[in-house]
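Novice: How does the following fold in three dimensions:
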Amino acid sequence: MSTYRSSQTGRLAPSHPVGTSMRPAPPPYTPVHAAAPPPMPKSRRVGRAGRVGRRAAALLVLPYVVLLFVGGLVPVGYAVVKSLQNESETGFGGLSSYQRVVADLRFAETFGNVALTLAIWLPLMLVGVVGLALLVDASSGRFGAAMRFVYYLPGALAGVANFMLWLFLLDPGQSPIKFLWDGFGYRTLNEVAQPGNLPYILAAMLFFQGAGTWVVVLGGGLNSIPDELLEAARLDGAGAWGVAWRVKLPMIRPWLGYLTLLNLAYGFQLFLEPQVLSQVTHGLIAPQWTPNQLSFSYAYQILDTPMAAAMSVILLAITLGVGLLVVRRSGLFDDER
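Specialist: Down below sits the predicted model:
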């Protein structure tokens, strides 16, 4: 192939042989791919994600629903049906079992005992647990973590083990706080555990057993408070007391409602502590000191199952009523904090 000099540019350009035509170079080869499917509409993607989320949530909730049905709804339904039978359990008795329970002189007395115990225990629990939780929250580093663990240890004890420990504390002959009982003039366990002292003893037992667990729970609530909020309060001139009273306490109000709710429910169901104390003191404490003990005596002493069921239903209704009041007052399930 020869070359010639272009008259316009003065550069050498290739010359094509005679008889050949000039054809444009073919375009570079590009592979042909299958056309991509159109994007899925956003509403369809959201709908599919929502269905997957609902299925996952249902799968997680299912075990709880099964346990609630087996351990909660079925026994409640059985108790309601049983309470409507007559004394001989041979037919429908209407509300006669409820009438006989309410007419029992011990009925009001048992609720009075529980109310007195709760009046001592709940304020002690709220003030003590909140104070300990604030102190632990203010203690940074390993010391705070160690104190949180120390407070939790009593709650790790089983109910019976905790009660056995308290038996040693209450017995002036073996107690490490013998000097305290000597100051009150008590020489024997029966003198310490007399009926007039029982609400205070139970309040101390329950506080010792449950305070550490609630310190951990409230500690989680305190840790969830944003640092920016606390720093803003300090910049506004609030001291440690002002931050705790005006910022931290309002922010953990739902946790305080949760504490009150569960402890109220536990208080109404008191059974183990007064029952065993009654046996240890050889009947010095009445064996029907709480509503649960009275229901137990109906079922296993006078063998009147409808009355025991009626007492259980009444106790459930009162507990639910008080619990709903606490939930509404505390804003436990409110979305806004």
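
Novice: So what's the residue count around residue 285?
Specialist: 24 (other Cβ atoms under 10 Å). (Glycine included, C-beta is placed from N, CA and C.)

Novice: Please report how far it lies from residue 97.
Specialist: In this structure, residue 285 and residue 97 are 27 Å apart, going by Cβ to Cβ, to the nearest Å.

Novice: In space, what's closest to the one residue sitting closest to the centre of the chain - neighbours in sequence excluded?
Specialist: In the chain, the C-alpha nearest the mean C-alpha coordinate belongs to residue 258, at 6.5 Å (Cα atoms, centre = their mean). Nearest residue to residue 258, sequence neighbours excluded (Cβ to Cβ, 6 or more residues apart in numbering): residue 332, at 5.9 Å.

Novice: check contacts around that neighbour.
Specialist: Each residue near residue 332 by Cβ atoms under 8 Å, 6 or more residues apart in numbering is listed here: 254, 257-258, 261, 326.

Novice: So which of those is the closest to residue 292?
Specialist: Lowest distance from residue 292 to those (Cβ to Cβ) belongs to residue 261, with 18.5 Å.

Novice: Does the closest one lie in a helix or a strand, and which?
Specialist: helix 253-268 (DSSP states H and E).

Novice: how about the helix or strand following that helix: buried residues?
Specialist: Per DSSP H and E, the first helix or strand lying C-terminal to helix 253-268 is helix 272-280. By neighbour count on 16 or more other Cβ atoms under 10 Å, the buried set for helix 272-280 is 273-278, 280.

Novice: Report the distance from helix 272-280 to the chain centre.
Specialist: 28 Å (Cα atoms, centre = their mean, to the nearest Å).

Novice: Could you tell me how many residues sit around residue 237?
Specialist: Neighbour tally, residue 237, other Cβ under 10 Å: 7.

Novice: same check, this time on residue 188
Specialist: 12.

Novice: residues touching it, list them.
Specialist: So residue 188 contacts 171-173 (Cβ under 8 Å, 6+ apart).

Novice: which of the residues you listed has the most neighbours?
Specialist: That'd be residue 172 among the contacts of residue 188, by other Cβ under 10 Å, with 20 neighbours.

Novice: Quick check: buried residues in the longest helix along the chain?
Specialist: The residue-count maximum for a helix in the chain (DSSP state H) belongs to helix 105-138. By 16+ other Cβ under 10 Å, the buried positions in helix 105-138 come out as 106-107, 109-111, 113-114, 117-118, 120-122, 124-125, 129-130, 132-134, 136-137.

Novice: tilt between that helix and helix 272-280?
Specialist: Calculated by axes from the mean of the first three to the mean of the last three Cα atoms, to 10 degrees, helix 105-138 forms an angle of 120 degrees with helix 272-280.

Novice: what's helix 105-138 packed up against?
Specialist: Contacting helix 105-138 under the criterion 3 or more Cβ pairs under 8 Å, 6 or more residues apart in numbering; DSSP states H and E are the following elements: helix 142-156, helix 198-223, helix 253-268, helix 291-300.

Novice: how about a markdown table for these, with mean pLDDT and distance to residue 167 added?
Specialist: What follows is these, written out as a markdown table (pLDDT from 0 to 100; distance: least, Cβ to Cβ, whole Å):
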| stretch | mean pLDDT | distance to residue 167 |
| --- | --- | --- |
| helix 142-156 | 78 | 15 |
| helix 198-223 | 88 | 10 |
| helix 253-268 | 88 | 21 |
| helix 291-300 | 92 | 19 |
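
Novice: Would you mind giving the ones you listed as TSV with distance to residue 166 added?
Specialist: Listed next are those as TSV, based on distance: least, Cβ to Cβ, whole Å:
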stretch	distance to residue 166
helix 142-156	11
helix 198-223	5
helix 253-268	17
helix 291-300	18
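
Novice: quick one, which of those is nearest to residue 79?
Specialist: Shortest distance between residue 79 and those, using Cβ to Cβ, is found for helix 291-300: 10.0 Å.

Novice: any residues touching the closest one, and which ones?
Specialist: Against helix 291-300 from outside (Cβ under 8 Å, 6+ apart): 101, 104, 106-107, 110-111, 114, 268-271, 274-275, 287-288, 304-305, 307-308, 311-312, 314-315.

Novice: would you turn the contacts of residue 188 into TSV with pLDDT, secondary structure and distance to residue 243?
Specialist: Shown next, in TSV, are these (pLDDT from 0 to 100; DSSP: H, G, I helix; E, B strand; the rest coil; distance: Cβ to Cβ, whole Å):
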residue	pLDDT	secondary structure	distance to residue 243
171	88	coil	44
172	88	coil	44
173	85	coil	48
